[in-house]
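Asks: here are the coordinates; sequence isn't available:
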DNA sequence: GCAGGAATAGACAGATCTGTCTATCGCACT
DNA sequence: AGTGCGATAGACAGATCTGTCTATTCCTGC
């Protein structure tokens, strides 16, 4: 019963391939047969590890959530001690992401879009990630001495998600810089 | 050959039903058979008016683009002569939209998400809308005396798209107000 | 050597998908 | 009355979808 979180080579292989194809083409656009063929894994192996395609997607989103937030934390930590620099480092991180060759939008926004119903497990899992990121931003904002860290985090979340959508539409990194410049200006106001 | 833009009752009926179902459930999630059944229209009627499902979607996005921008213009016009008030009225318009019972995210962001490939006709059509809105914002910003209307419009676009994503995740209207407050602050800076 | 669990290939069910085709019907216009 | 066009129902093709099942094989621990 390798249901909860047990790692196995085949399972990892499956998730890596599924991630690549889902992120490239979309959840509904990719059938499990294609994933299985490209991963070199039998169908029953998938259904021994996951109850359904939906559960596979949820597991992928949760994994991506962990990795993405860990990557953000690492970037922030590497930015030094200045709270302002730490916050702005998030936007440098964004800019690098937008410039990476396989950038294809935000998988969580895309999951919200493909499963628009509020009660759907995939929709909720995707939104959980955005809430978690917002909480990270609030902590960074509090450390920077913002008068209203929660409000600042909300605004920064808007800028970030807007920038991701714009980068997906233009395939350019400029939106990250725009968001960064705006954030710098807002920080001055918020900590004044 | 009613291909280009000829209006017909059946065609309108088809587009209305297709819009409703696509917006509710997603493009790939809704099959044309369902649309036809709910619209009470024969399959050949669809394929006489549109070459494919994809073309139907593109036509719907173009129609929605026209209507949405017209609605924005009307809101702005109704806001009076003050350039600042006119710009801020966009966010009141957003808030009303988020609060409407069938709000289900932005169909253009969702189209970008479901058809993530940059060269896809649906993807490009959806992005065209975002570009057009940004141009509207730049004009409003210029009228408000912004030093850099294009840059301001870019930032406001980020806030707007971010707010839409947030409203889709939370089913609340608060993100529109956050974006509005931030915009008011930015306007003071941009016109100072 | 052997037992047991994991993975395998592949058939299968049952549904659904887009798009094509045919044959008929209804209706407006002359 | 007759012509022509738009719309109709419904069969059809061919592909694809998720999920189930079986029977076999592989590998590891004992």
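Replies: Nice, thanks for sending it over. Bear in mind that the values here come from a model prediction, so they are computed numbers and not experimental data.

Asks: if you look at the strand or helix carrying residue A:125, does any of it touch DNA strand D?
Replies: Secondary structure assigned from DSSP states H and E places residue A:125 in helix A:121-143. No. Counting by Cβ under 7 Å from any atom of the strand, DNA strand D has no neighbours in helix A:121-143; the shortest distance is 11.9 Å. All C-beta spots, glycine's among them, are computed from the backbone N, C-alpha and C.

Asks: what does chain A put close to DNA strand C?
Replies: Residues of chain A lying close to DNA strand C by Cβ under 7 Å from any atom of the strand are A:2, A:8-11, A:40-45, A:48-49.

Asks: one more time with 6 Å
Replies: A:8, A:10, A:40, A:41, A:42, A:43, A:44, A:45, A:48 (Cβ under 6 Å from any atom of the strand).

Asks: wait, the fifth one sits on residue A:36?
Replies: Yes. When contacts are counted by Cβ atoms under 8 Å, residue A:42 is listed as touching residue A:36 (6.9 Å).

Asks: Just checking the distance from the helix or strand where residue A:113 lies to the centre of its chain.
Replies: Applying DSSP H and E as the criterion places residue A:113 in helix A:107-114. The chain centre lies 10 Å from the centre of helix A:107-114; the measure is Cα atoms, centre = their mean, to the nearest Å.

Asks: Show me what it is packed against.
Replies: helix A:53-78, helix A:121-143, helix A:149-170, helix B:107-114, helix B:149-170 (3 or more Cβ pairs under 8 Å, 6 or more residues apart in numbering or on different chains; DSSP states H and E).

Asks: Go through that helix and flag the buried ones.
Replies: Buried residues in helix A:107-114, counted by 16 or more other Cβ atoms under 10 Å in any protein chain shown: A:107, A:108, A:109, A:110, A:111, A:112, A:113, A:114.

Asks: neighbours of the residue in chain A that DNA strand D sits nearest to, just the number please.
Replies: Closest residue of chain A to DNA strand D, Cβ to the nearest atom of the strand: residue A:31 (2.7 Å). Neighbourhood size, residue A:31 [other Cβ atoms under 10 Å in any protein chain shown]: 11.

Asks: Likewise for the one 4 residues further on?
Replies: Here the count is done by other Cβ under 10 Å, and residue A:35 has 22 residues near it.

Asks: surely it meets residue A:21?
Replies: Yes. With contact defined as Cβ under 8 Å, residue A:35 reaches residue A:21; the gap is 5.7 Å.

Asks: Residues touching whichever helix or strand residue A:93 is part of, excluding its own?
Replies: Taking DSSP H and E as the criterion, residue A:93 maps to helix A:83-99. Contact with helix A:83-99 is made by A:71-72, A:75-76, A:78-80, A:103, A:137, A:140-141, A:143-145, A:156, A:160, A:163-164, A:167, A:172-173, A:175-177, A:179-180, A:183-184, A:187, as judged by Cβ atoms under 8 Å, 6 or more residues apart in numbering or on different chains.

Asks: before we move on, what about stretch A:62-82?
Replies: Under Cβ under 8 Å, 6+ apart, the answer for stretch A:62-82 is A:15, A:19, A:85-86, A:88-90, A:92-93, A:107-108, A:125, A:128-129, A:132-133, A:136, A:140.

Asks: Check what pLDDT residue A:8 gets.
Replies: Looking at residue A:8, its pLDDT is 83.

Asks: Equivalent analysis for residue A:91, please.
Replies: Residue A:91 is assigned a pLDDT of 98 by the prediction.

Asks: Please name the nearest non-neighbouring residue to it.
Replies: Leaving aside its chain neighbours, residue A:91 sits nearest to residue A:180 (3.6 Å; criterion: Cβ to Cβ, 6 or more residues apart in numbering or on different chains).

Asks: for residue A:171, same thing?
Replies: Residue nearest to residue A:171 in three dimensions, not counting chain neighbours: residue B:118, with 5.6 Å by Cβ to Cβ, 6+ apart.

Asks: burial count for the one you found?
Replies: Residue B:118 has 14 neighbouring residues, counting by other Cβ under 10 Å.

Asks: mind pulling up the phi and psi values for it?
Replies: Main-chain dihedrals, residue B:118, degrees, to the nearest 10: phi -60, psi -30.

Asks: average pLDDT for stretch A:143-153?
Replies: 95.

Asks: again, but for stretch A:113-121
Replies: 98.

Asks: I'd like to check which residues are in contact with residue A:166.
Replies: Contacts here follow Cβ under 8 Å, 6+ apart; on that basis residue A:166 touches A:174, A:175, B:130, B:154, B:157, B:158, B:161.

Asks: filter those to the buried ones?
Replies: Buried members of the contacts of residue A:166, counted by 16+ other Cβ under 10 Å: A:175, B:130, B:154, B:157, B:158, B:161.

Asks: Could you find the closest non-adjacent residue to the third one?
Replies: Distance criterion Cβ to Cβ, 6+ apart; nearest residue to residue B:154, sequence neighbours excluded, is residue A:178 at 4.8 Å.

Asks: For that neighbour, list the residues it contacts.
Replies: Under the criterion of Cβ under 8 Å, 6+ apart, the neighbours of residue A:178 are A:163, B:151, B:154, B:155, B:158.

Asks: redo that, cut-off 10 Å
Replies: Listed by Cβ atoms under 10 Å, 6 or more residues apart in numbering or on different chains, the contact set of residue A:178 reads A:91, A:159, A:162, A:163, A:166, B:151, B:152, B:154, B:155, B:157, B:158.

Asks: Same question for residue A:118.
Replies: A:112, A:124, A:127, B:104, B:168, B:169, B:170, B:171.

Asks: which one is residue A:156 nearest to, not counting chain neighbours?
Replies: Residue A:156's closest residue in space is residue A:137 (Cβ to Cβ, 6+ apart), at 5.0 Å.
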